[in-house]
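K.L.:
Have a look; sequence and predicted model below, questions after that.
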Amino acid sequence: MHTTRTRSAAGTLGALVLVAAALSGCAPVVRSCPSWADFSDPDAAYRQADVVVVGHVAGRDGTIGTQFGDVRAYRFEVEDAVKGGESGTVVRIGSRADPCDGGDGYTGGDALAGAADRVIVYAMNDTGGLVTLTPSQGGTALPDGAPLPFDR
C-alpha cells in the first residue's frame, strides 16, 4: 500500500505567509506584557522603591530606555530626598509606560506629565536610569505641609 502526503491549501498558504513575512523583515513581533504590581498602599510603594523624592517636575527631558522600551523622561527638582537621592538636586526620572495599552504606552495617563504641583515620586532603577514603579503609580500629589503618606 502506497500513501501520499498532501498539504491543505490553508496550511500551504500559512507557511508561505510566514516565509514571506520573515524575508520581508515583517515577521510577527512577540511582545512581553508585564503584570504590574499594586502599589496603591504608600507603605508598599516606599518599601519597593529605590528612590523616593518630593519636589516638582521641571519639564520633559527626552527618553529613558527601560527593559520594556523607551519611556518619557522628566527633569525633577528634588526638594526632599526621603530615600536615596539628594535634596536640592535635579534628577532625570522616566515615567513608566505600558507597552500593551493598545496605544502609545500612556493611554491610561502619564504619572509625571502635567504635574504642576508638589509631588512625591516612587522610583526604581531600570536599565537606563530611574523610572516610576508602574505606569499608573509612581507620582502622587503631596501639598505643602502634608505629612508623608508612609512610615519610614
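P.N.:
All right, it came through fine. Residues are numbered from 1 along each chain as shown.

K.L.:
Enumerate every residue touching Pro143.
P.N.:
117-118 (CB atoms under 8 Å, 6 or more residues apart in numbering). Backbone N, C-alpha and C define where each C-beta goes, glycine included.

K.L.:
give me phi/psi at the spatially most central residue of the chain?
P.N.:
Geometric centre of the chain, nearest residue: Arg96, 2.2 Å, by CA atoms, centre = their mean. Backbone torsions for Arg96, taken as degrees, to the nearest 10, come to phi -60, psi 140.

K.L.:
quick one: pLDDT of it?
P.N.:
pLDDT, Arg96: 92.

K.L.:
mind listing the helices for the protein?
P.N.:
9-24, 42-48 (DSSP state H).

K.L.:
between those helices, which has the poorest average model confidence?
P.N.:
helix 9-24 (a mean of 43).

K.L.:
Pull out the buried positions in stretch 65-78.
P.N.:
Burial within stretch 65-78, assessed by neighbour count using 16 or more other CB atoms under 10 Å, is assigned to 66, 68, 71-74, 76, 78.

K.L.:
before we move on, the earlier item: measure the residue nearest to the centre of the chain to Phe39 for me?
P.N.:
Distance, Arg96 to Phe39, using CB to CB, to the nearest Å: 11 Å.
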